[in-house]
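1. Need a 3D model of the sequence below.
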Amino acid sequence: GEYSEFYSKINFNQRMYTGNDPLQRRREDFNVREAYLYIGNFLHPSLGLQVGRQRFRDKREWLYDDQLDAVRLHFARSNLKVELSAAKGLVGPTGSRSDQYHFIGYAQYRFPGRRYLSGYVLKRNDLTPRDEDPVWYGLSSRGTLWRSLDYWTEASRVKGRRGQLLLRGYAWDAGLSYRFRLPWQPSLAAGYAFGSGDNNLNDGVDGNFRQTSLNDNTSRYNGLKRYYYYGLLFRPELNNLRMPSLDLGISPSEQWSLNLSYHIYRQAVP
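-> Model prediction:
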């Protein structure tokens with residue numbers, strides 16, 4: 001329609017087994033990844049309403065990249081974008097669960113020169129026996145500083161409770177990336193990430209930062225492929241961790257690119 005759409009993304013697959021084992025039978029999987037209704041011009045030309053299973057994703061997937069059953073209200077005007085959401089988790093590979101509820105407020109402003117500043121609040125209500133109800137709030141920024149010099153920054157605090165234990169953690173991640181105007185388009189990126197640890201186990205406060213469990217931590221460093229920028233082998237999250245990183249890349253053509261990454265892992269609190 002003029003102001004509305006329905007979108008779905010459905011995966012269907014079969015697993016076929018060979019051999020004579022009677023326990024190995026054909027298996028069929030049917031998975032609804034996305035199925036939502038979007039209504040634009042909802043009560044106001046700047047408002048949109050999105051209801052159903054939908055993808056939540058930020059640029060670096062540091063906050064979230066997951067499919068959630070949600071009601072999401074969009075506000076967009078000029079260079080400002082705001083989203084308010086109430087969402088329920090799904091059982092899926094990213095670790096979200098069907099007995100977790102998320103309440104999200106997200107705002108982003110675009111400055112001249114392709115620079116973005118975002119702020120967010122994300123509250124999780126956990127109905128599992130673990131009973132961990134954290135609240136994340138933070139700021140992030142990314143964009144171009146000068147010609148081929150890009151930057152990114154992430155800063156977040158987590159508060160809340162796990163049972164009777166107070167949650168108090170913080171994290172940040174910052175870096176620069178430069179693409180040289182040379183043959184094969186070589187690039188260099190350097191960053192430093194930090195997630196707090198707990199230096200006192202008996203004070204009733206857990207000082208470890210934890211990410212949202214909806215995150216993927218994947219991005220591109222001037223190449224064609226997204227990959228885990230905290231390391232492909234261990235895929236760590238920012239929990240009691242200091243991590244400087246260096247990334248070297250080339251992109252000789254539109255068909256292939258190569259990135260080499262170096263990471264140093266150190267505990268914030270031994």
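2. gap between stretch 174-182 and the chain center?
-> 22 Å (CA atoms, centre = their mean, to the nearest Å).
3. what does stretch 21-39 give?
-> Distance, centroid of stretch 21-39 to centroid of chain: 24 Å (CA atoms, centre = their mean).
4. H74 in helix, strand or coil?
-> Following DSSP: H, G, I helix; E, B strand; the rest coil, we place H74 in the strand state.
5. That one and L47: what is the separation?
-> Distance, H74 to L47, using CB to CB, to the nearest Å: 7 Å. Glycine gets a C-beta too; all of them are placed from N, C-alpha and C.
6. Also W152?
-> For W152, the distance to L47 - CB to CB - is 30 Å.
7. More neighbours: those two, which one.
-> The residue with more neighbours, out of W152 and L47, is W152; 21 against 16, by other CB atoms under 10 Å.
8. Now that the more buried one has come up, it's in contact with T144, right?
-> No. W152 lies out of contact with T144 (CB atoms under 8 Å); the separation is 10.9 Å.
9. Give the partner strands of the helix or strand where G48 lies in its sheet and their orientations.
-> Counting by DSSP states H and E, the element that carries G48 is strand 47-57. Take DSSP bridges as the rule and strand 47-57 pairs in its sheet with strand 27-40 (antiparallel), strand 65-77 (antiparallel).
10. ranking those by mean pLDDT, which is last?
-> Among the strands paired with strand 47-57, strand 27-40 carries the lowest mean pLDDT, a mean of 90.
11. CA atoms of it as CSV?
-> Output of strand 27-40 as CSV, limited to C-alpha atoms (Å, rounded to 0.1, in the frame of the first residue of the first chain):
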residue,chain,number,x,y,z
ARG,A,27,14.4,-34.1,9.1
GLU,A,28,12.5,-31.0,8.1
ASP,A,29,12.9,-27.6,9.7
PHE,A,30,10.6,-24.6,9.2
ASN,A,31,11.7,-21.3,10.6
VAL,A,32,10.0,-17.9,10.4
ARG,A,33,12.8,-15.5,10.6
GLU,A,34,10.7,-12.3,10.0
ALA,A,35,7.0,-11.6,9.6
TYR,A,36,5.8,-8.1,10.3
LEU,A,37,3.3,-5.5,9.3
TYR,A,38,4.6,-1.9,8.9
ILE,A,39,2.1,1.0,8.9
GLY,A,40,3.5,4.4,7.9
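12. how about the strands paired with strand 47-57, which one is nearest Y170?
-> strand 65-77 (21.8 Å; CB to CB).
13. How about residues contacting that closest one?
-> With CB atoms under 8 Å, 6 or more residues apart in numbering as the test, strand 65-77 has contacts from 33-34, 42, 46-58, 81-90, 92, 94, 96, 102, 214-216, 218.
14. For N13, give me its contacts.
-> 28-29.
15. quick one: it from E28, how far?
-> N13 is 7 Å from E28, by CB to CB.
16. Which helix or strand contains Y106?
-> strand 100-111.
17. Which strands or helices does that strand pack on?
-> Strand 100-111 sits against strand 80-88, strand 115-126, with contacts defined as 3 or more CB pairs under 8 Å, 6 or more residues apart in numbering; DSSP states H and E.
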